[in-house]
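*Asks:* with the input below, show me the fold.
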Amino acid sequence: MNFKYNFWDVIRPFHAPLTRALRRRLGRQYQNHPEMELPIPEESVQLDVERHLHEYLHVTANDVKQIVIVGAYEADEARRMRWVYPNAQFLCFEPNPKTYKRLTEKYEGCSWMTPRNVALSDAPGKDRFYELDMPGNGSLLEPDVENWATTVKWKDKGMTSFEVEMSTLDHEAATLPAIDLLWMDVQGAEGRVLDGGGETLKRVKAIILEVALVHSPYKGAMLFPVIKARLETQGFICVELGVGAWNGNGNAFFIRGFDELICK
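*Replies:* Numbers count the residues shown, from 1 in each chain. Alright, predicted model coming up:
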């Protein structure tokens, strides 16, 4: 397991109780200190989900048992969420062999982490995977590189592609009785994951995924209005949406049956 994470894991229980009040006080004074930088909208949604998922589900943190991350990269969010949800198991999918190697090395020995070196799509098989120079921007969908560079304000426009194994969410999650959170970070290929997970979605309580409001540099990407309409037919309600002012891209958070959970 990576030493730097072991180090922080060791000291956090000692410093956290002593500094919690100060951190909360300083972190909640945005209105009185306009010089304080706000989290960008998409990060705000992500952090809210990481720390308050159980509140949206109206359960205790100990009741969160299963989280699935599609497009995990190195799964930094899993370690943060494990501190909040100590009983959670993580099933993580990362198709890039090099990134997958770092992922497995980072979480070696973690009984609560199950990594899988496949891309989730609408059918099993093999397909091209496109990896851009910005870390964590790989996709099964081919990007318009010039458009992508403008969208993310990135100067390096290099791209490689290679063949990856594909599976479906329904196949990979067939043995999971329930999923508290389905996390998708697949650069426009969310539609493919949903197409291959119709049965699994019936057992999913919450979803966070990357979205593009009006335009995506990834060819064939499903835009937010279509995703929202599709998930609504399955009983999900969008409870948070945070997108960047520059490109209209960000994160959306959905809860199944939220109208039945609130005020109870």
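*Asks:* name the element the residue sitting nearest the centre point of the chain belongs to?
*Replies:* The centroid of the chain falls nearest to W183 when counting by Cα atoms, centre = their mean (3.9 Å). W183 is part of strand 181-184, with elements assigned from DSSP states H and E.
*Asks:* show me how far that strand is from its chain's centre.
*Replies:* Shown here is strand 181-184, whose average C-alpha point lies 6 Å from the average C-alpha point of the whole chain (Cα atoms, centre = their mean, to the nearest Å).
*Asks:* helices and strands around it, which ones?
*Replies:* Contacts of strand 181-184 with other secondary structure elements, assessed using 3 or more Cβ pairs under 8 Å, 6 or more residues apart in numbering; DSSP states H and E, are made with strand 66-70, strand 206-212. For glycine as for every other residue, the C-beta is placed from the backbone atoms N, C-alpha and C.
*Asks:* list the buried residues for stretch 130-142?
*Replies:* 130-132, 137-142 (16 or more other Cβ atoms under 10 Å).
*Asks:* helix, strand or coil for the spatially closest residue to A75 that is not a sequence neighbour?
*Replies:* Nearest-residue entry for A75: C92, 5.0 Å, with adjacent residues in sequence omitted and distances by Cβ to Cβ, 6 or more residues apart in numbering. Put simply, C92 is strand when judged by DSSP: H, G, I helix; E, B strand; the rest coil.
*Asks:* where do the strands sit along the stretch 1-150 of the chain?
*Replies:* Remark: strands assigned in the stretch 1-150 of the chain by DSSP state E, counting those that start in this stretch are 66-70, 89-93, 113-116, 119-120, 125-132.
*Asks:* neighbouring contacts of the third one?
*Replies:* Translated: strand 113-116. With Cβ atoms under 8 Å, 6 or more residues apart in numbering as the test, strand 113-116 has contacts from 72, 75, 78, 89-94, 100, 103-104, 107, 167, 172.
*Asks:* gap between the residue nearest to A75 and A78?
*Replies:* Plainly put, C92 is 7 Å away from A78 if you go by Cβ to Cβ, to the nearest Å.
*Asks:* could you name every residue contacting both of those two?
*Replies:* Taking Cβ under 8 Å, 6+ apart as the contact criterion, the common neighbours of C92 and A78 are 69, 72, 113.
*Asks:* if you rank those by neighbours, which is first?
*Replies:* Neighbour counts for the shared contacts of C92 and A78 (other Cβ atoms under 10 Å) peak at A72, which has 26 neighbours.
*Asks:* check which element follows the strand holding W183 along the chain.
*Replies:* Sequence-wise, the next helix or strand downstream of strand 181-184 (DSSP H and E) is helix 190-195.
*Asks:* quick one: contacts of that next one?
*Replies:* Contacting residues not belonging to helix 190-195 are listed as 70, 120-122, 140, 169, 184, 186, 201, 209-211, 220-222, 226-227, 230 [Cβ under 8 Å, 6+ apart].
*Asks:* repeat that with 10 Å
*Replies:* For helix 190-195, contacts defined as Cβ atoms under 10 Å, 6 or more residues apart in numbering pick out 70-71, 93, 119-123, 127, 139-141, 166, 168-170, 182, 184, 186, 189, 200-201, 207, 209-212, 220-224, 226-227, 230-231, 234, 252.
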